[in-house]
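# kindly generate the corresponding structure for this input.
(2 chains)
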Amino acid sequence: MATIKYMPFGVTDLFRKNIVAKALSKTGYTDMEGGFTEGVRDDFFKSGSDYIKARNPDLRSIAGGHDVYFHMYEILGNRHPEWEAYLWVHMELRLMLHKLFNPTKTLLHFPEPNKWLQDLMADGSKEVAFVNGLDFHIMERYIATDDVWKATNPQYKVIDQLDILEGTSSDKFDYIETQAPLLFGADDNWLKAMWATLNPGGVMVVLSTSGNKGMYKAPVMLLHEYVEPNWDLKDLPNAEVIHFPIDAGFTILQKTA
Amino acid sequence: MSTRSFTGSEGNIYDAAADIAFLEGEIAYVMAILGMDLNSFDSTTIDDIVTETRNMFPYTELTNVLAPMINKDGSMGLRDNPDLTVGRAFHSASEMMLNNRREILLETVRRHFRLLKLAEAA
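Numbering: from 1, shown residues only, chains lettered A, B, ... in the order given. Sure thing, here's the model as predicted:
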């Protein structure tokens, strides 16, 4: 009997539309392999997954083993074509936002070593910084072992979280990309601290602000655990805030003063 | 604590100690909210924190039996629904708020605890 490679994957309109979008688009990254250089994406996410698994993480339910964020490196690697198209659409949206705002100084919270980031880090006129943490560590370990990356002579910075939280860093940015699982906390201090590192006129993009779409599906509208931190985003000083209910929620904030 | 630059020869500039310092602070903050003993931080497990969170914000068992129901003619009415087979049971707004508070605390502290263990093993 022939093996049906992608049998377990449920094809839905949600994914089909991304195939169409990809087929009808033309950018430097329309070919996902071009966007992430040949094989780099799968190698990277596998290296991240292997790194974490080697440390024997607690994946019991009580420890949060059901949390999608805990499995991000598995989810983003080894793509079905339709899942790849879905990821591509949202990657393009992120890259387009960055391109439109054309920032000089960028702070990234969840780095993926794709071709776009490679170009950005090799561009001496732009500054790229990362928030210290697991995801930065995994990226840094990966690019240090990759000859293609090393040949581009990447330049970047890393900022410790406490420097951001306590406001002791003098670094300010024109563009911040973060995601809700790394931004939302027990209170809004971390969120406010990240906002404080943004220059006036700067933009902060927060991904996955809907709690994996749970906020859109809650039986009582606006009663979900992610609503309160989203109000906190809306309450940030000097902020224009747009929550786009696409993918798992894109919230785009611009600092007005 | 500092900002570090990589220009080609610095090796890894990830700082596990700084990562740990931040994550411990975030976890301790939640433990303080829950009234847990911070002196026992090093021996505290994620199980302990989750249990305390659930103690402070217990799963509510109250379910409103007066569920809203849409009639055939489109009008909405309330129907006594003890067996929960018709209409939809729902929590009161205050219960929902407590449930949400528990969920965001759990989600946050589980992630931070996991990241702490990975930073310690870096």
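# ranges for the helices of chain A?
A:13-23, A:32-35, A:40-53, A:72-75, A:81-101, A:115-122, A:134-145, A:147-151, A:161-165, A:180-183, A:189-196, A:214-217, A:227-234 (DSSP state H).
# the last one and chain B in contact?
Yes: contact check for helix A:227-234 against chain B, using Cβ under 8 Å from any Cβ of the partner chain: residues in range are A:227-229. C-beta coordinates here come from the backbone N, C-alpha and C atoms, glycine included.
# so that helix versus helix A:189-196, what angle?
20 degrees (axes from the mean of the first three to the mean of the last three Cα atoms, to 10 degrees).
# which helices and strands sit right next to helix A:227-234?
For helix A:227-234, the elements it packs on are helix A:189-196, strand A:239-244, strand A:250-255, helix B:93-120, judged by 3 or more Cβ pairs under 8 Å, 6 or more residues apart in numbering or on different chains; DSSP states H and E.
# out of those, which is closest to A:T168?
helix A:189-196 (10.3 Å; Cβ to Cβ).
# what's in contact with the closest one?
Identification of contacts with helix A:189-196 by Cβ atoms under 8 Å, 6 or more residues apart in numbering or on different chains yields A:161, A:164-167, A:176, A:178, A:183-185, A:204, A:229, A:232-233, A:236-237, A:239, A:253, A:255, B:26.
# sorry, back to before: got a markdown table for the helices of chain A, with mean neighbour count too?
Shown next, in a markdown table, are these (neighbours: other Cβ atoms under 10 Å in any protein chain shown):
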| stretch | mean neighbour count |
| --- | --- |
| helix A:13-23 | 14 |
| helix A:32-35 | 16 |
| helix A:40-53 | 19 |
| helix A:72-75 | 16 |
| helix A:81-101 | 17 |
| helix A:115-122 | 18 |
| helix A:134-145 | 20 |
| helix A:147-151 | 12 |
| helix A:161-165 | 21 |
| helix A:180-183 | 23 |
| helix A:189-196 | 18 |
| helix A:214-217 | 15 |
| helix A:227-234 | 18 |
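# single out the residue in chain B that lies closest to chain A.
Nearest to chain A, among the residues of chain B, is B:R110, at 3.2 Å (Cβ to the nearest Cβ).
# is it true that that residue touches A:H66?
No: at 9.6 Å, B:R110 does not count as touching A:H66 under the criterion of Cβ atoms under 8 Å.
# neighbour count winner among the two?
B:R110 (23 against 12; other Cβ atoms under 10 Å in any protein chain shown).
# quick one: pLDDT of that one?
pLDDT for B:R110: 96.
# could you do the one 5 residues further on as well?
At B:L115 the predicted local distance difference test score is 96.
# look at it and say how many residues are nearby.
B:L115 is flanked by 22 other residues according to other Cβ under 10 Å.
# and it, what does it touch?
When contacts are counted by Cβ under 8 Å, 6+ apart, B:L115 touches A:133-134, B:19, B:23.
# widest-spaced pair of those?
It's A:L134 and B:L23 that sit farthest apart of these, by Cβ to Cβ, at 9.6 Å.
# I'd say A:H98 and A:L107 touch.
No: in this structure, A:H98 is not within contact of A:L107 by Cβ under 8 Å, at 11.6 Å.
# joint contacts of the two?
Common contacts of A:H98 and A:L107 (Cβ under 8 Å, 6+ apart): A:175, A:177.
# need the helices of chain A in CSV with distance to B:Y14, can you?
Shown next, in CSV, are the helices of chain A (distance: least, Cβ to Cβ, whole Å):
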stretch, distance to B:Y14
helix A:13-23, 34
helix A:32-35, 25
helix A:40-53, 12
helix A:72-75, 16
helix A:81-101, 23
helix A:115-122, 16
helix A:134-145, 4
helix A:147-151, 16
helix A:161-165, 12
helix A:180-183, 15
helix A:189-196, 19
helix A:214-217, 32
helix A:227-234, 27
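# max-length strand in chain A?
When chain A is parsed with DSSP state E, its longest strand is strand A:198-207.
# how many other residues sit next to A:I176?
A:I176 - counted by other Cβ under 10 Å - has 26 other residues nearby.
# A:P103 versus that one, what's the distance?
A:I176 is 9 Å from A:P103, where distance means Cβ to Cβ, to the nearest Å.
# likewise for B:A119?
Computed as Cβ to Cβ, the B:A119 to A:P103 distance reads 29 Å.
# mind listing what residue 23 touches?
Picking chain A for this. With Cβ under 8 Å, 6+ apart, A:A23 has no contacts at all.
# actually it's chain B I care about, not the one you picked
Counted by Cβ under 8 Å, 6+ apart, B:L23 has contacts B:112-113, B:115-116, B:119.
# show me where chain B has helices.
Here chain B has its helices, by DSSP H, at B:16-33, B:46-56, B:93-120.
# wait, which of these is closest to A:F15?
Among these, helix B:93-120 sits nearest to A:F15 (Cβ to Cβ), with 26.6 Å.
# list the buried ones in the closest one?
Buried residues in helix B:93-120, defined by neighbour count with 16 or more other Cβ atoms under 10 Å in any protein chain shown: B:95-119.
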